[in-house]
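Novice: Sequence and predicted model, in that order:
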Amino acid sequence: MPKKPSPTPIHNPAPPAAPVAAASLGYLLGVLVAATPVHSQNTTVCPNDRQDLEGSSKTSYPLGRHNCRFQQLYSELAGQPWIQGHSYRRDALGSTATLPAYTSEVTIILSRVIQQPKNIRPRFADNMGTSATRVLDRSWIQFPTTSQSPSIPAPFEYTLPYRRPYLWNGSGTLAMDFTIFANRTSAGPNQNFAAKLDSQQLYALGRNLQPGYRSGRGCPAPGVTRAAWCAFQLQHEGSRLDLRIESHWGMPSGVGQPSHSVLLLSFDAKPVAWPANSGCQIYGKPEICLPLPGQNSALGALTATITVGTPPPPLFQMHAQILSYNAYTATATLSDTSRLLTPPPGKGIVSSRLMHASDRNSPTGTISTTVPICEFY
């Protein structure tokens, strides 16, 4: 039987008078790291590090197509003696709408190949290896209705049980050949639709990208109707960690009256009204207040990258928020908050895919290293 996944402002944060050097952020984080949560890695998930982390992207391949051929190579399946099926999960960050149930008519073939995923070839026939087994004959598979997951990442709900278990001793690269012949959706038969499966972008040089988990709500700047919000991304570069920041609808800059932004980092995200009775909320008590370089645009936008020195341990957690202010008008606003989890260093191209999205009989497809996250059981 398939395994069942576990469902898984106190004070005025006025910015310091002088900017904090970017290199000092790494030192401050190092001082604040007191304990790192320990998470067991399940080698049935590929890429392995996505067991406890949301992917950096989303994809509609292969389940969102009705006539396609899809191949994916996996090199992180050591310790999995038998494979009885696999599952996908939906994107938990950017997919808020309910996705109605649908069925797909599929065939799945598994085989063992010698080449690493980074060497996947554009011809489907060139990626079929030895011990090829048709683990799922042409069959209709039902996928359930799903809503936005309360947990991040989402559980693996889109399950494809095999008719024949596949013997796998954990060595080499597993090749999955996946054909979709037709589907039935709430919009009618044979539809292409946005399946929005959770996926991860992989890099050849070992970089690793991790989006922040947004929550809460920002406050509109005075005279602005839209609430301030911010998107964060952590990128592990091996010897350092970069924090990318995209802030939107903060305090706008005027002629001769620039507005600026401050990064607030805290260990918790308990919301507290700040200032009192303002309708704005500060999330947690900031342990770090870091002025960001540059000034906000006329629409209150700012992009910045902060370089941390030595990266914190994997899965080290903090909460980030943006305070933007205009010293000339004595006005300020706060964005929503994001939970940041440090990704481990990247392992390179541990998986890759080949796809022809509209013709299952095509001999060739398009190669990508943005892969749907897959759990084998």
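Specialist: Arrived safely, thanks for sending. Please read these numbers as outputs of a predicted model, since none were measured by experiment.

Novice: can you give me the helices in this protein?
Specialist: 22-32 (DSSP state H).

Novice: Tell me, how many residues neighbour the residue lying closest to residue 163 once chain neighbours are set aside?
Specialist: Computed as C-beta to C-beta, 6 or more residues apart in numbering, the closest residue to residue 163 that is not its neighbour in sequence is residue 136, at 5.5 Å. Where C-beta positions appear, they are placed from N, C-alpha and C, glycine not excepted. Other residues within reach of residue 136, judged by other C-beta atoms under 10 Å, total 20.

Novice: Can you tell me how far residue 136 is from residue 377?
Specialist: Note on residue 136: its distance to residue 377, by C-beta to C-beta, to the nearest Å, is 14 Å.

Novice: for residue 228, same thing?
Specialist: Residue 228 is 43 Å from residue 377, by C-beta to C-beta.

Novice: neighbour count winner among those two?
Specialist: residue 228 (27 against 20).

Novice: The residue nearest to residue 163 is in contact with residue 160, isn't it?
Specialist: Yes. Residue 136 lies in contact with residue 160 (C-beta atoms under 8 Å); the separation is 6.7 Å.

Novice: overlap in contacts of those two?
Specialist: Shared contacts of residue 136 and residue 160 (C-beta atoms under 8 Å, 6 or more residues apart in numbering): 106, 108.

Novice: hmm, back to that, what's the spacing between the residue nearest to residue 163 and residue 165?
Specialist: 11 Å.

Novice: Same check on residue 330?
Specialist: Separation of residue 330 from residue 165 (C-beta to C-beta): 68 Å.

Novice: Looking at these two, which has the bigger crowd around it?
Specialist: Neighbour tally, residue 330 and residue 165, criterion other C-beta under 10 Å: the higher count belongs to residue 165, 14 against 7.

Novice: And the more buried one, what's its pLDDT?
Specialist: Listed pLDDT for residue 165 reads 95.

Novice: State the distance from it to residue 138.
Specialist: As defined by C-beta to C-beta, residue 165 lies at a distance of 18 Å from residue 138.

Novice: same deal with residue 101?
Specialist: Residue 101 is 20 Å from residue 138, where distance means C-beta to C-beta.

Novice: Please apply the same query to residue 232.
Specialist: 44 Å.

Novice: Compare the two (neighbour count), which wins?
Specialist: Shown here are residue 232 and residue 138; by other C-beta under 10 Å, residue 232 has more neighbours (24 against 12).
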